[in-house]
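Student: quick one, structure for this:
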Amino acid sequence: MENKYDLIIIGAGPGGADAAEEAAKYGLKTAIIEKSHIGGTCLNRGCIPTKTILHTAGIYREAKAGKELGISGQSQLCIDAAALQDHKNQILENLQAGLTFTLERAGVEIIKGAAVIIDRHHVKVDSAVLETENILIASGSVPSVLPIEGSQLPGVVTSDEMLSLTHVPESLVIIGGGVIGMEFAAIYESFGCHVTVIESLKRVLCNFDKEISRNLSMILGKRGVDIHTNAKVTGISQAGNVLRCAYEEEGQSCQAEGELILMATGRRPCTEGLFTDETDPEVRAMNLAKGRIITDSRQETSVPGIYAIGDVTDGIQLAHAASAEGKNAAAAIAGKKPVISMDYVPFCVYTDPEIASVGMTSDSAKEAGKKVITRKYPMSGNGKSVLTMQDRGFIKIIADPQTEKILGAQLMCARATDMITQFSQAIEAGLCLCDIAKIIYPHPTFCEGIGKAAGK
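Tutor: Take a look at the predicted model:
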């Protein structure tokens, strides 16, 4: 009976960990299986290490510009990449320990090892077979690599390897202008590396508001990042001490050289080893879409009693979305209603300036044929932005023209990722422009821009 559970969770990332803690609150006997490190991709090879390095990059950028602020000695500044790795690793160890403590305190059993799903009620870990009423797959994702010539050459790396570099490359070619690609472009440009970005779509951050994409391209371009859009990579080759990336742009054959080439071309679901010859045919026949597990509104798969959340599913690939899905899945398993609304998921990019978006954009409204009004405030008029020497930015609010009910918001400014939640709350609560305009915002703060935008 010791190996029998109400819920077994496979994967201890943000989604799995939050699901486990939530399930324990409902009194479910819960075990969480992790084959690598507690915290999953987000904590160990994604959000936390990337933002740690981005934080250092931001401080380094400010320090180099310190002469304008009356700080001298910038000529002695340099990045010690090995020391930065030590700093990053210490943060990860602290957070891993904290998460482990939280799970154990909640009564969740942590099992180290690789899980194999035998059937809807049994999971094998090494030689042990565990019995359970329910299974939650939260195995996450891994970086995907373009199947092009030269993609396996030494020096062609993914985000995993970039987060472990102990030196700053002189030059870097990034294939992919999505969130991952642009965050690494911001990091290594700040560190003094020559960065080239090659994006196959018509603009970087193509899923964001057009104005955001254009502004980010202008800002990074002004700093020296070479950005190419509508460009198709055709191959990678060795050229002496550097790698050469061949691509086509506007019908022309082009090339870019870099000490390293980063494949920032998305992520694929991590299901390797979950299903083997031992797995019941019913489970192996689980409904998938391009390798991603399909779930219903309760996060349940086509196999009753087996649930899935996060990057392994066909839903949104964001850590906070996985956490919300995990809590809702735990509630469903316990026979409760969803505890988190999934209607408005914020999207964030931790470049400098930061970018955040939630709800409807003017672009999506136009595509849907919906009339909206737009309220926009340029952050060049914000005192906190000016005194902290921020680059161009703005706050844009999308609202219904009749009721002025807030439908969405896009922010490109310092602390955008912290402020976006105010708009998530406003949309969820059905607030109007006047509701957030009448609030007193402290001065000087970045959030004053919210009141300025809404009150226009």
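
Student: need the helices for the chain, in chain order.
Tutor: 14-25, 40-45, 47-64, 81-105, 159-162, 179-190, 210-223, 281-284, 319-333, 362-367, 383-387, 416-429, 433-437, 448-455 (DSSP state H).

Student: quick one: contacts of the fifth one?
Tutor: Under the contact criterion C-beta atoms under 8 Å, 6 or more residues apart in numbering, helix 159-162 has outside partners Arg45, Gly46, Thr50, Val142, Pro143, Ile180, Phe184, Leu260, Leu262, Ala264. For every residue, glycine as well, the C-beta is placed using N, CA and C.

Student: what is the burial count for the third one?
Tutor: As a burial measure, the neighbour count of Thr50 was computed by other C-beta atoms under 10 Å and equals 21.

Student: local confidence estimate at it?
Tutor: Thr50 is assigned 97 on the pLDDT scale.

Student: and Leu411, by the same measure?
Tutor: For Leu411, pLDDT reads 98.

Student: pretty sure it contacts Val349?
Tutor: No: checked against C-beta atoms under 8 Å, the pair Leu411 and Val349 is beyond contact range at 10.4 Å.

Student: more neighbours: those two, which one.
Tutor: Neighbours per residue, other C-beta under 10 Å: of Leu411 and Val349, the larger number sits with Leu411, 33 against 22.

Student: what is the nearest residue to that one once chain neighbours are set aside paired to in the beta sheet?
Tutor: Nearest non-adjacent residue to Leu411, counting by C-beta to C-beta, 6 or more residues apart in numbering: Ala356, 4.7 Å away. Taking DSSP bridges, one obtains Cys348, Leu411 as the residues bridged to Ala356.

Student: ok so, going back, out of the helices of the chain, nearest to Ala256?
Tutor: Among these, helix 179-190 comes nearest to Ala256, with 12.9 Å by C-beta to C-beta.

Student: enumerate every residue touching the residue minimising distance to the centre of the chain.
Tutor: Against the mean C-alpha coordinate of the chain, by C-alpha atoms, centre = their mean, the closest residue is Leu318 at 4.9 Å. By C-beta under 8 Å, 6+ apart, Leu318 lies in contact with Val345, Phe347.

Student: dump the helices of the chain to TSV, plus distance to Ile137.
Tutor: Listed next are the helices of the chain as TSV, based on distance: least, C-beta to C-beta, whole Å:
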stretch	distance to Ile137
helix 14-25	9
helix 40-45	13
helix 47-64	20
helix 81-105	18
helix 159-162	21
helix 179-190	23
helix 210-223	33
helix 281-284	10
helix 319-333	10
helix 362-367	31
helix 383-387	43
helix 416-429	27
helix 433-437	39
helix 448-455	39
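
Student: and the ones you listed, which is most packed in?
Tutor: Greatest average neighbour count among the helices of the chain goes to helix 14-25 (a mean of 27), per mean count of other C-beta atoms under 10 Å.

Student: quick one: contacts of that one?
Tutor: Residues outside helix 14-25 that contact it (C-beta under 8 Å, 6+ apart) are 6-7, 9-10, 12, 30, 32, 34, 38-40, 42-43, 99, 102-103, 106-108, 136, 138, 140, 309-310, 319-320, 322-323, 325-327, 329-331, 333-334, 339.

Student: hmm, 7 Å instead?
Tutor: 7, 9, 30, 32, 40, 42, 99, 102-103, 106-108, 136, 138, 309-310, 319, 322-323, 325-327, 329-331, 333-334 (C-beta atoms under 7 Å, 6 or more residues apart in numbering).

Student: and what of stretch 348-361?
Tutor: For stretch 348-361, the surrounding residues in contact (C-beta under 7 Å, 6+ apart) are 51, 54, 58, 61, 179, 182-183, 186, 205, 208-209, 212, 216, 344, 346-347, 372, 390-391, 393, 398, 407-417, 420, 423-424, 427.

Student: go on, stretch 262-279?
Tutor: Contacts of stretch 262-279 (C-beta under 7 Å, 6+ apart): 10, 114-118, 124, 137, 139-146, 156-159, 162, 172, 174-176, 178, 180-181, 184, 283-284, 291-292, 311-312, 317.

Student: so of these, which ones are in strands?
Tutor: 10, 115-118, 124, 137, 141-143, 156-157, 172, 174-175, 292 (DSSP state E).

Student: which single one of those residues is nearest to Val303?
Tutor: Ile117 (9.2 Å).

Student: tell me who's in contact with Lys124.
Tutor: Contacts for Lys124 were tallied using C-beta under 7 Å, 6+ apart; they are Val116, Ile118, Glu278.

Student: ok, the second one to Gly140 distance?
Tutor: Note on Ile118: its distance to Gly140, by C-beta to C-beta, to the nearest Å, is 21 Å.

Student: quick revisit: among the ones in strands among the contacts of stretch 262-279, which one lies nearest to Glu250?
Tutor: The closest of those to Glu250 turns out to be Ile175 (C-beta to C-beta; 17.7 Å).

Student: what bridges to the closest one?
Tutor: Ile198, Met263.

Student: distance check, it against Lys376.
Tutor: Look at Ile175 and Lys376: by C-beta to C-beta, they are 33 Å apart.

Student: and these two? Which one has more around it.
Tutor: When Ile175 and Lys376 are compared for neighbours, Ile175 comes out ahead with 26 against 16, by other C-beta under 10 Å.

Student: so that one makes contact with Ile198?
Tutor: Yes: contact criterion C-beta atoms under 7 Å: Ile175 and Ile198 qualify, at 5.3 Å.

Student: what residues are shared contacts of the two?
Tutor: With C-beta under 7 Å, 6+ apart as the test, Ile175 and Ile198 both reach Val233, Cys245.

Student: the contacts of Lys124, buried ones only, as a PyMOL selection?
Tutor: A single PyMOL command suffices to select whichever of the contacts of Lys124 are buried according to 16 or more other C-beta atoms under 10 Å:
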select buried, resi 116+118
